[in-house]
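Trainee: next input, structure requested:
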Amino acid sequence: MAGSTASLSAFFATHPAVIHIKITRVSGSTPRDEDAEMLVARDAALGTIGGGQLEYLAISAARKMLETTETRRDLELPLGPEIGQCCGGRVWLTLHAMDASARADALARAVASDAAQPHVCVLGAGHIGRALADLFQHMPVRCLLIDSRADQLERCAASVETRLTALPEAEIRAAPPGSAFVVLTHDHALDFLLTAAVLERGDAAYVGMIGSRSKRAQFANWHRDQGGDAELSALHCPIGDTVMDKRPQVIAASVLAEVMTAFVARQRIGS
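Mentor: Just a heads-up that it's a prediction; the model follows:
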């Protein structure tokens, strides 16, 4: 849907007249795929169908509909010189005025979409953990920030779920298949235990542990000595090392890219 359940509810509550725009077909190079959608009111919009002239023209058409009794319009837009866009493809759009039934259906789909969002378990609420929470709150994921230290969790200002627990292993076990796990606690030994627990699941979309290549080697030796037989090739350690920068916000941005790439790859394989 064009937004989360909360954002969609707020949008409907403040805008009595709304046009729903949906991409029904694409050909060639386009900024968004089929089923991308957005909502347009007289003075606001929610979601995106790709920006640029494509979106500008779609919003303009939607607002013209709001000024009339027109309830449906179909558009075919070439993404080339004709509209000042250089993608080169073609997009077909359907615009329709949303009645009470359409709004209820949209909210129901948003609830289902929210429930199906992949989980990201950030194990450790230190500087990098909180920086990750700040970024993941804007992603289509359900982020859980987990720690045994109340004072660290209290410093998190992001709109994510926080879990104060002395047994983070239980949160690992409770996470659904296909979750992502980023382990960055205040204790190396705890990092090892939690990372091993994640790897033993065998179904994570992403497993990352903060540290150096030396720490990864130490973990591999420890894991072998403990009798662990999980495949370690899936382990990201160091995390976020595509950018050689140790600032928490920069590391977090790089880890975010790793996690979202893993989710997209898993989705493509599943489809």
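Trainee: and A45, how far from A204?
Mentor: 36 Å (Cβ to Cβ, to the nearest Å). C-betas here are computed from N, CA, C, even on glycine.
Trainee: the two: who's more crowded?
Mentor: A204 (23 against 20; other Cβ atoms under 10 Å).
Trainee: and the more buried one, that one's in a helix?
Mentor: No - under DSSP: H, G, I helix; E, B strand; the rest coil, A204 falls outside any helix and is assigned coil.
Trainee: I19 and D99 touch, don't they?
Mentor: No - using Cβ atoms under 8 Å, I19 is not in contact with D99, being 11.5 Å away.
Trainee: of the two, who's got more company?
Mentor: I19 (26 against 11).
Trainee: pull the contacting residues for the nearest residue to S27 once chain neighbours are set aside.
Mentor: Excluding the flanking residues, the one nearest S27 by Cβ to Cβ, 6 or more residues apart in numbering is R90, at 4.4 Å. Applying Cβ atoms under 8 Å, 6 or more residues apart in numbering, we find R90 in contact with 26-28, 30, 76-79.
Trainee: now swap in T5 and tell me
Mentor: 107, 110-111, 114 are the contacts of T5 under Cβ under 8 Å, 6+ apart.
Trainee: quick check: it vs A102, distance?
Mentor: T5 is 16 Å from A102, by Cβ to Cβ.
Trainee: for A252, same thing?
Mentor: A252 is 38 Å from A102, by Cβ to Cβ.
Trainee: next structured bit after the helix or strand harbouring R63?
Mentor: R63 belongs to helix 52-66 when assigned by DSSP states H and E. In the C-terminal direction, the helix or strand that comes right after helix 52-66 (DSSP H and E) is strand 72-78.
Trainee: and the average pLDDT for that following strand is what?
Mentor: For strand 72-78, mean pLDDT is 93.
Trainee: relative to the helix or strand following it, what are the paired strands and their orientations?
Mentor: Once strand 72-78 ends, the next helix or strand along the chain (criterion: DSSP H and E) is strand 90-97. According to DSSP bridges, strand 90-97 has the following sheet partners: strand 19-27 (antiparallel), strand 72-78 (antiparallel).
Trainee: deepest in the core, which of the ones you listed is it.
Mentor: Scoring these by mean neighbour count under mean count of other Cβ atoms under 10 Å gives strand 19-27 as the most buried, with a mean of 19.
Trainee: one step back: neighbour-wise, which one of the contacts of T5 leads?
Mentor: Using other Cβ under 10 Å as the neighbour criterion, A110 leads those with 19 neighbours.
Trainee: now do the helix or strand S101 falls within: distance to the chain's middle.
Mentor: Assigned by DSSP H and E, S101 belongs to helix 100-116. What separates the centre of helix 100-116 from the centre of its chain is 18 Å, taken as Cα atoms, centre = their mean, to the nearest Å.
Trainee: change the start of the numbering to 241 and stick with it
Mentor: Taking 241 as the first residue, the last one we looked at is helix 340-356.
Trainee: what's the average pLDDT for stretch 346-356?
Mentor: 91.
Trainee: for the helix holding R303, which helices and strands make contact with it?
Mentor: Helices and strands touching helix 292-306, by 3 or more Cβ pairs under 8 Å, 6 or more residues apart in numbering; DSSP states H and E, are strand 259-267, strand 277-280, strand 312-318, strand 330-337.
Trainee: strand 312-318 and that helix, what's the angle between them?
Mentor: 160 degrees (axes from the mean of the first three to the mean of the last three Cα atoms, to 10 degrees).
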